[in-house]
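J.: here is the input, now give the coordinates:
(3 chains)
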Amino acid sequence: MSDLPKYNELPPGGIIPEPATSLKYYTGDWRVERPVIDQDKCVRCRLCWVYCPDNAIREVDEEYTTSKGKTYKIKYIVNYDYCKGCGICAQECPVNAIKMIPEPVEEPGGEEE
Amino acid sequence: MTLAVEEASGKGLKRPRPMSTNSAIATAARDLDVDVVSAYPITPQTTVVEKIAEYIANGELDAEMIHVESEHSALSAAIGAAAAGARSFTATASQGLALMHEILHIASGGRVPVVMSVATRALSAPISIWNDHSDVMNARDSGWIIAFVSSAQEAYDTVIQAFKVAEDPEVLLPFMVAYDGYLMSHTMEPVVTEDRETVLSYAPKRDYPYKLDPKKPVTIGTITDPNWYYEFKYQQVETMKVALEKFRRADEEFGKVFGRNYGLLECIHCEDADAIVVATTSYATTLKYLINTAREKGMKVGLLRLRLYRPFPVEDFLKATSGVDTLLVIDRAISYGAPVQGPLATEINSLFHSRGIDTKVVSVVAGIGQRAFKDDDAMNMFKLALESRKAAPEETIFYGVRK
Amino acid sequence: MMIEIRWHGRGGQGAVTASEAVSAAAILDGKYALAFPEFGAERRGAPVRAYTRISDNPVIPRTPVTTPDILVILDPSLLHPEYTYGLKPNGTVVVNAKLPPEKIAKILKLKPGVKIGVIDATGLAMEVLKRPIVNTAMLGALVKATGVVSLENTEKAILNKFPGKIGELNVELIRRAYKETVVSEIKEEVLAQ
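T.: Numbering: from 1, shown residues only, chains lettered A, B, ... in the order given. Now for the predicted structure:
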């Protein structure tokens, strides 16, 4: 605690005078379960991206062909730095393509950013 | 509506105009060119906001008037406006201040320089629309700067000083200007008002350093865990000390610019007094009027009018009371069940004890729910103060109650 | 020197406004003044009290007036000795009544040396304003009986409060009342009768 700033080294009132400081706060540490997206089952509906309260689902331009031969131009991946593991994405996924796996994950499934 | 009289027309002579304290406060808000007024009506504050609305409607003030649904919202909106960089003002009394209580702490803790006038009034239940200081004394630990004023002129002047101090980047604390409901709020008296240009050069609008601006985002209202919260509270402790000196300087500068100032406290005949009566607001005016009569009768009494209450002007107070062995402190609120039941008397007691000073402090509670306090009662305070030199009452005196 | 005025009226007659107008006139006259009402549960018809203090000194007590120099009674139904408490020995009573001064002195049990000003303010107000709002008529009577403030600034104070037609009518009422108010001093022989 001694290395934290003193009262007079802080801006007043707990105001944070610069933007985007939440990027420095890795809320992924809070996670008890991690969502893992099955790219084969995923129909790219984007609902997980919409519902994620922490903007931790990322839509990336990356081609993927499913085992049934359907090719998508995008993929959804999870940013585990900020995903708190709330499970909303898994709850909302209409095709059950997202599974919540207890942490710590020994053999990480899913793809990280 | 009040009896407004035309302004002195640039002859250098400042002509007073008849105004109530409520009207004087509204006029100060006008002359300070406030940007946002957010308020909810409550007796005896209502005419402050009515008068401001009139100024806005007349085009004398270009401000946003936010009609909210409660005092909780009134202060919340004022805080939001101030955080966005607007000069924000609100006014309340009694239950209104009580309903604001949560938000009082958000203003001070969040370091938002809102200025508020309080027409002090008793608290329910039972209902009393009349005056005492229960409302403000309940808010004394809310981290606001608090001044008690004794005339409509002083109210006008202090609201102007309040903005200067509150908005100072080294202060950034909300400021409450308190005066007696009815006894002052609805009393017509002479007030000299100043032109806006001079008022604004004395108290210029300053850019709130952490204002909400999409181009330069900031976060306010953060959560602070046990590793952080305490430091922000200690900032408030230290800033109160800064505020004391800033207010002292603001008052002195006000005197230079406008020819009127008041100090942090006012002392009359304190130097050679055997006993001093401590009072605020309208009671101080009445005692001030009568102290010469008391002196003529050979009573060696003094009067200390406390103007700045938070931060408490400790050193000034000790200096002013150094030669005296007995102080009678008139409280207009009750701290129920406390060892000393007058809150101001408690604080003065603790100040003396902490400094090893053995001056006696007599605690008197008076004027609760505006129980009449007449000239004779004021004289009785002087008498009681002198009598207490020999044998000071141990318990708080509840003056004027039927028992 | 300080002059203390106590006003007794009924809710709706304008006692508070009158008390304020006198202080406003005094301030315009270059004096210090305070005016404040004794607030109750305000309603039409209820007895109300208001106070005005005029002084050369800026420090004026904010206590109820218990020893008035001037007493103004705005309603004939308030002609009762209980309202004259504390009146100074050489004080002045200004009343709204149709009665002769001697009769009023008897009803109010006034002592010799007290000055009395009488005006039928209700009649005059009905004539000029067509409404029984008597306060401005009482202002005219007060100025006539006491000269405590100037007539000019009393009118100015009223015009500031009520700009336009209403103000003008009230100024007319003040002037009429000023002219018609009968002022006399209570003599011992009057009371002995």
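J.: the closest residue to chain C within chain A: how many residues sit nearby?
T.: Taking CB to the nearest CB as the measure, the point where chain A comes nearest chain C is A:G13, at 38.5 Å. C-betas here are computed from N, CA, C, even on glycine. The number of residues packed around A:G13, counting by other CB atoms under 10 Å in any protein chain shown, is 23.
J.: OK, contacts around residue 24?
T.: The chain I'm using is chain A. For A:K24, the contact set (CB atoms under 8 Å, 6 or more residues apart in numbering or on different chains) is empty.
J.: to clarify, I was referring to chain B.
T.: Contacts of B:A24 were listed using CB under 8 Å, 6+ apart, and they are B:152-153, B:155-156, B:191, B:193.
J.: for chain B, what are the nearby residues on chain C?
T.: Residues of chain C lying close to chain B (CB under 8 Å from any CB of the partner chain) are C:19-21, C:23-24, C:27-28, C:32-37, C:39, C:59-64, C:66, C:156-157, C:160-161.
J.: if I look at the residue of chain A closest to chain C, how far off is chain B?
T.: If you measure A:G13 against chain B using CB to the nearest CB, to the nearest Å, the figure is 4 Å.
J.: against B:A162, how distant is that residue?
T.: As defined by CB to CB, to the nearest Å, A:G13 lies at a distance of 19 Å from B:A162.
J.: same deal with B:I220?
T.: Look at B:I220 and B:A162: by CB to CB, they are 22 Å apart.
J.: and for A:S22?
T.: Shown here: A:S22 relative to B:A162, a distance of 36 Å by CB to CB.
J.: re the thing from before, got the phi/psi numbers for the residue of chain A closest to chain C?
T.: The phi/psi pair for A:G13 (degrees, to the nearest 10) reads phi 60, psi 20.
J.: among the residues of chain C next to chain B, which lie within helices?
T.: For the residues of chain C next to chain B, the ones inside helices are C:19-21, C:23-24, C:27-28, C:156-157, C:160-161, with DSSP state H as the criterion.
J.: would you turn these into CSV with pLDDT, neighbour count and distance to chain A?
T.: Written out in CSV, the entries for those read as follows (pLDDT from 0 to 100; neighbours: other CB atoms under 10 Å in any protein chain shown; distance: CB to the nearest CB, whole Å):
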residue, pLDDT, neighbour count, distance to chain A
C:S19, 96, 30, 47
C:E20, 95, 29, 44
C:A21, 96, 33, 48
C:S23, 96, 30, 44
C:A24, 96, 32, 45
C:I27, 95, 28, 44
C:L28, 93, 24, 47
C:K156, 96, 20, 50
C:A157, 95, 28, 48
C:N160, 93, 20, 45
C:K161, 91, 21, 45
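J.: mind putting those residues in CSV, distance to A:V60 included?
T.: Formatted as CSV, those follow (distance: CB to CB, whole Å):
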residue, distance to A:V60
C:S19, 79
C:E20, 75
C:A21, 79
C:S23, 78
C:A24, 77
C:I27, 77
C:L28, 80
C:K156, 80
C:A157, 79
C:N160, 74
C:K161, 74
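J.: and the two most separated of the residues you listed?
T.: The span of those, defined through CB to CB, is set by C:S19 and C:K156 at 16.5 Å.
J.: ok, and what's touching stretch B:350-357?
T.: Outside stretch B:350-357, the residues touching it (CB under 8 Å, 6+ apart) are B:312, B:314, B:317-318, B:358-359, B:361.
J.: which one of those residues has the most neighbours?
T.: The most crowded member of the contacts of stretch B:350-357, judged by other CB under 10 Å, is B:V361 (25 neighbours).
J.: leaving out sequence neighbours, find the closest residue to that one.
T.: Beyond its immediate neighbours in the sequence, the residue positioned closest to B:V361 (CB to CB, 6 or more residues apart in numbering or on different chains) is B:N349, lying 4.6 Å away.
J.: looks like the one you found contacts B:Q341 (just checking).
T.: No. Counting by CB atoms under 8 Å, B:N349 sits too far from B:Q341 to count as a contact (11.5 Å).
J.: and the residue of chain B positioned farthest from its centre, which of the three is it?
T.: Residue distances from the centre of chain B (CA atoms, centre = their mean) peak at B:K215, which lies 37.0 Å from the mean C-alpha position. What DSSP: H, G, I helix; E, B strand; the rest coil gives for B:K215 is coil.
J.: hang on, the earlier thing: quick one: the contacts of B:A24 as JSON lines, columns for distance to A:T27 and pLDDT too.
T.: Written out in JSON lines, the entries for the contacts of B:A24 read as follows (distance: CB to CB, whole Å; pLDDT from 0 to 100):
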{"residue": "B:A152", "distance to A:T27": "55", "pLDDT": "97"}
{"residue": "B:Q153", "distance to A:T27": "56", "pLDDT": "97"}
{"residue": "B:A155", "distance to A:T27": "50", "pLDDT": "98"}
{"residue": "B:Y156", "distance to A:T27": "52", "pLDDT": "98"}
{"residue": "B:V191", "distance to A:T27": "57", "pLDDT": "96"}
{"residue": "B:T193", "distance to A:T27": "55", "pLDDT": "97"}
